[in-house]
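Enquirer: Please work out how this folds:
(one chain, ligands or ions: 1)
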Amino acid sequence: MGKGVVTSSVGKMLQFRGFTVTAIKIDPYVNVDAGTMNPYVHGEIFVTEDGGETDLDLGWYERFLDINLSKENNITTGQIYQTVIERERKGDYLGKCVQIIPHITDEIKRRIRMVAEKSKADVVLTECGGTVGDIEGLPFLEAIRQMRLEEGYENTLYIHVALVPILDVTSEMKTKPLQHSVNELRRIGIQPDIIVSRCPKMITKEALEKIALFGTIPKEAVFCSYNVSTVYEVPLILDEQGMGDFICKRLGLTLKQINVSEIERWKNFVNTLKNCKYTIRVALVGKYTGLVDSYVSMNEAFKHAGAACNTRVIIDYIEAEMFEENPEKVAMLKDYDGIFVPYGFGQRGAIGKMMAIQFARENGIPFLGICFGFQLAVIDFARNVCGLKDANSTEIDEKTPHPVIDLMPEQQQVTYKGATMRLGAHKIIIKKGTIAHKLYNATEVYERHRHRYEVNPEYTEILEKHGLVFSGRSPDGRRMEILELPDKFFFLASQFHGEFKSRPGRPSPIYYGFVKACLDRKLGKPKPEF
Ligand code: GLN
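Expert: Numbering: from 1, shown residues only. Modelled structure (predicted):
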């Protein structure tokens, strides 16, 4: 419904006014973190610098607010109960009956306050996932209700985001669902201060008045997040409606100094996105293609990279298994400006992705691979260039004669699945004179990771002898982080996820390189100009 974008936009409007913000996402599910969830159902798992496997909304906060968040910025029911139960077992509550109120709600508030204190932000945005009325969400809403009592009315502000659908038949804007959710909120003791209606179009005056009346708030406190061509425009349209000023007034935030340069920067970025001179078409060959949210950070990274090249990047989602079933269909990839193979897990679709990689390599089409895409590029090269028959990853075939991709040594004994991958930011040493070096313009960078398997060091020599260059490695030289084929127009892949650090105006260097290469090839240049 767009709560993540509304939350991020509120933060952005406060930043426009010179205030510092941080953001917390509350996920009422019982999982301790998002790491064990299927991206095909839940959407992408966003990875923070400190290795948190979090809800994808943290990605929106980071991209909009240009701040790095921590795993502590994503609170789940699992974490809350784990802490409270551990405490109970230690005897911290000896003699007491441990209850949802106050023990669970106290732990929720403690975690929110901890983020507030550590960040020292002027405003802490706390988004509660799910819908009013969800059983799972109740303890969190109760904690939020108590927060007002403890922190004071003037220091707390409730924003309710609700859907206002437009009926097909009559084109009428219906505020009924919103009226019901406001009632549901009131029933548990929360009266919203602001209502943001999520509607395909700007709400009519009548709808706005109805929302104010039934929501018991002034008309000035009703805003509309209508459909825009890019989500980065949402803070601008809400600000135009007066939401930024309203929030500051209500919270008694005396204007520091309008951050004119940030407003300009943001507006320019939005304008660039909307008016790109060029267009390229990229084939994303993956296995979670039915759910666009599984690749949300990647999509956004392409937008950031595209804006930097004045290029609109159109992504076609192609289900990798289609190539396995109909090998002749791989030829359709020749019509694309670039081929992209994203992250992934397990066997399904692996062969199809590899067919796409081989096609890119053999036909000189720009290629970018991320994580699993990197690993599969190594396998394709081992099989089809180095002649290592049946080379594979032990994730796909445990008995392969050539395990070019294998479990990392420290992973061999790991059976526990929660938060045990290689996670978060790690240092990478970039080899001078390579494409990666050109793109990063640095020899030491940090990028975020999420994987269990890696290039088997026993095979790096033979791979490099055949022309593959590992242009990025871990500081001890043992882990391969970036590969490239220098004799190709652009063929690069990374073990890490550049998309997690990509921001408007500061694109991920590898995504930028790929987009620029796709464009330059389309424009007929002999080689990409970075
Ligand atoms: N499945 C691979 C691994 O665990 C790749 C993971 C990924 O693409 N994020 O190493």
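
Enquirer: Can you name the residues that contact Gly242?
Expert: Counting by CB atoms under 8 Å, 6 or more residues apart in numbering, Gly242 makes contact with 220, 223. Every C-beta, even on glycine, is put in place using the N, C-alpha and C of the backbone.

Enquirer: May I have the lowest-mean-pLDDT helix or strand in the chain as PDB, with CA atoms only?
Expert: When the helices and strands of the chain are scored by mean pLDDT, DSSP states H and E, helix 39-42 comes last with a mean of 87. Presented in PDB, the C-alpha positions along helix 39-42 are these (Å, rounded to 0.1, in the frame of the first residue of the first chain):
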ATOM      1  CA  PRO A  39      11.700 -13.600  -1.200                       C
ATOM      2  CA  TYR A  40       9.100 -14.900  -3.600                       C
ATOM      3  CA  VAL A  41       6.400 -14.500  -0.900                       C
ATOM      4  CA  HIS A  42       7.800 -11.700   1.300                       C
END
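
Enquirer: Does it pack against any helices or strands, and if so which?
Expert: The criterion is 3 or more CB pairs under 8 Å, 6 or more residues apart in numbering; DSSP states H and E, and there are no helices or strands that helix 39-42 contacts.

Enquirer: That helix vs the ligand: in contact?
Expert: No. Residues of helix 39-42 are not located near the ligand by CB under 6 Å from any ligand atom, the shortest gap being 9.5 Å.

Enquirer: Ramachandran coordinates for the spatially closest residue to Gln82 that is not a sequence neighbour?
Expert: Spatially, and ignoring its direct neighbours in sequence, Gln82 is nearest to Val32 (6.1 Å; CB to CB, 6 or more residues apart in numbering). The phi and psi values for Val32, taken as degrees, to the nearest 10, are phi -70, psi -40.

Enquirer: do the same with Thr272
Expert: phi -60, psi -50.

Enquirer: pretty sure it is touching Asn310, no?
Expert: Yes. Thr272 lies in contact with Asn310 (CB atoms under 8 Å); the separation is 7.0 Å.

Enquirer: Looking at those two, which is more packed in?
Expert: The neighbour comparison of Thr272 against Asn310 (other CB atoms under 10 Å) goes to Thr272, with 19 against 12.

Enquirer: how far away is the residue nearest to the more buried one when sequence neighbours are not counted from the ligand?
Expert: Using CB to CB, 6+ apart and skipping residues adjacent in sequence, the residue nearest Thr272 is Ala307, 4.6 Å away. Distance, Ala307 to the ligand, using CB to the nearest ligand atom, to the nearest Å: 26 Å.

Enquirer: Might you report the residue contacts of Ala307?
Expert: Contacts of Ala307 by CB under 8 Å, 6+ apart are 269, 272-273, 276, 504-505, 507.

Enquirer: Give me the buried subset of those.
Expert: The neighbour count (16 or more other CB atoms under 10 Å) marks 269, 272-273, 276, 504, 507 as buried among the contacts of Ala307.

Enquirer: With respect to the ligand, which of those is nearest?
Expert: Pro507 (20.3 Å; CB to the nearest ligand atom).

Enquirer: coming back round to it: go through the buried ones among the contacts of Ala307 and name the one nearest Glu454.
Expert: Nearest to Glu454 among these is Pro507, at 25.6 Å by CB to CB.

Enquirer: Hmm, Ser494 and Phe374 touching each other?
Expert: Yes. Counting by CB under 8 Å, Ser494 is a contact partner of Phe374 at 5.6 Å.

Enquirer: Touching both of the two, which residues are there?
Expert: Joint contacts of Phe374 and Ser494 (CB under 8 Å, 6+ apart) are Leu483.

Enquirer: can you give me the strands for the stretch 1-150 of the chain?
Expert: In the stretch 1-150 of the chain, the strands defined using DSSP state E, counting those that start in this stretch lie at 21-27, 46-47, 53-54, 74-76, 123-128.
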